[in-house]
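J.: Output the structure for:
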Amino acid sequence: MKRKLLYLVILIGLTFASCKKEECSVDENNKGLISKILKAGVTTTEYTYQCSGLLSEVRTRYSYYKYIYNSGDLLEKRESYDDPNQYNPNGGYGGYGGYGYAKTEWTDPKDMRLSATELFKYHANNQLESYIFKSASDTITIKFNYNGNGFISKQTYYSEDSKPENYTNYTYDESGNMIEKSRYLFLPDGTAYLRLTSEYEFDQMHNPFLVLRKMILPGTSTNQNNITKETHTFYGQFSEGSDSIKVTNHIYEYNELGYPIKMDNDLTFEYN
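T.: This next block holds a predicted model:
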């Protein structure tokens, strides 16, 4: 009788564990997270999450991004894969997992190649200490300085020979939105000169790309709100007739929770 009771307890335990796993598969913790981006009505980007709500994968039609976390749920590594046969008409292969392009078929990740690995190292206080980007042709290391509010105030880029190549300064508003970044390049003699300044204005609504906030790198994935205006000022030599200032405005439609569902009458966002 005792043995039968033990079997019954084990069976109930296994059944309960199975139910818990099935509940996890429903993605209850993922409701309200961005799931798709559509361009002109065609799905270009898909987002997949762990049961805890952490971003797991991002797919475009010809690129795939896998997110790997440490035991403290900090992003430890991101692997980028792309379709070697599909060229991105907006420059290069793959892309950042953003809005997608004109390709109509989805490439199976198994048919893609590993194109880059990004590694994240942290201080004891969980602030990002360094970021390393590795591809077949490049290895770039970035190190960081922080302001009094704990936001990254400066990124310094180093080449493979550990020589600083350029750096970027960042300024934020009270909400933590990055309102300005200034990029400086180094001349051969070590002198730094300003190459590009970017200024941003924001709405007061929720930014759906905060699901990428584990990336920590300042920008779209760390802003609390959505960019409504970008002003980029380029410094240096320009061909005759070219404009050194570029301004881009963005308009949005929002859902009842204050998340954008449409951007620039072109991109549509869907949520779990």
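J.: quick one: contacts of stretch 218-233?
T.: Here stretch 218-233 makes contact (C-beta atoms under 8 Å, 6 or more residues apart in numbering) with 151-152, 155, 170, 175-178, 181, 196-207, 209-213, 215-216, 244-252, 260, 263. Just so you know, the C-beta spots here come from the backbone N, C-alpha and C atoms, and that holds for glycine as well.
J.: out of these, which are inside strands?
T.: Using DSSP state E, the subset of the contacts of stretch 218-233 located in strands is 152, 155, 170, 178, 181, 196-202, 245-249, 252, 260, 263.
J.: And the buried ones among these, selectable in PyMOL?
T.: Selection of buried members from the ones in strands among the contacts of stretch 218-233 for PyMOL, criterion 16 or more other C-beta atoms under 10 Å:
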select buried, resi 152+155+170+178+181+196+197+198+199+200+202+252+260+263
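J.: who touches the residue nearest to the spatial centre of the chain in this structure?
T.: By C-alpha atoms, centre = their mean, the mean C-alpha position of the chain lies nearest to L212, the distance being 4.4 Å. Going by C-beta under 8 Å, 6+ apart, L212 touches 55, 220-221.
J.: Put together CSV for those, with neighbour count, distance to T139 and secondary structure on each row.
T.: Formatted as CSV, those follow (neighbours: other C-beta atoms under 10 Å; distance: C-beta to C-beta, whole Å; DSSP: H, G, I helix; E, B strand; the rest coil):
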residue, neighbour count, distance to T139, secondary structure
L55, 24, 25, strand
T220, 19, 24, coil
S221, 17, 23, coil
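J.: mind putting these in a markdown table, pLDDT included?
T.: Formatted as a markdown table, those follow (pLDDT from 0 to 100):
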| residue | pLDDT |
| --- | --- |
| L55 | 93 |
| T220 | 91 |
| S221 | 91 |
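J.: Pick the one among the residues you listed closest to L187.
T.: Using C-beta to C-beta, T220 comes nearest to L187 of the contacts of L212, at 30.4 Å.
J.: All the helices of the protein, residue numbers only.
T.: Along the chain, counting by DSSP state H, helices occupy 2-25.
J.: With adjacent residues omitted, what lies nearest to T156?
T.: Leaving aside its sequence neighbours, T156 sits nearest to Y167 (C-beta to C-beta, 6 or more residues apart in numbering; 4.3 Å).
J.: Dump the contacts of L212 to a markdown table, plus distance to F144.
T.: Putting these into a markdown table (distance: C-beta to C-beta, whole Å) gives the following:
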| residue | distance to F144 |
| --- | --- |
| L55 | 21 |
| T220 | 18 |
| S221 | 15 |
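J.: pLDDT-wise, which helix or strand of the chain ranks last?
T.: Lowest on mean pLDDT, DSSP states H and E among the helices and strands of the chain sits helix 2-25, with a mean of 40.
J.: hey, C-alpha coordinates of stretch 170-182 in PDB?
T.: What follows is stretch 170-182, C-alpha atoms only, in PDB (Å, rounded to 0.1, in the frame of the first residue of the first chain):
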ATOM      1  CA  TYR A 170      26.200  60.600 -24.800                       C
ATOM      2  CA  THR A 171      23.700  63.000 -23.200                       C
ATOM      3  CA  TYR A 172      20.300  62.000 -21.700                       C
ATOM      4  CA  ASP A 173      17.100  63.700 -20.600                       C
ATOM      5  CA  GLU A 174      15.400  63.100 -17.200                       C
ATOM      6  CA  SER A 175      13.600  60.000 -18.500                       C
ATOM      7  CA  GLY A 176      16.800  58.300 -19.600                       C
ATOM      8  CA  ASN A 177      16.300  59.000 -23.400                       C
ATOM      9  CA  MET A 178      19.500  59.500 -25.300                       C
ATOM     10  CA  ILE A 179      19.000  63.100 -26.600                       C
ATOM     11  CA  GLU A 180      22.500  63.600 -28.100                       C
ATOM     12  CA  LYS A 181      25.500  61.600 -29.200                       C
ATOM     13  CA  SER A 182      28.800  63.100 -30.600                       C
END
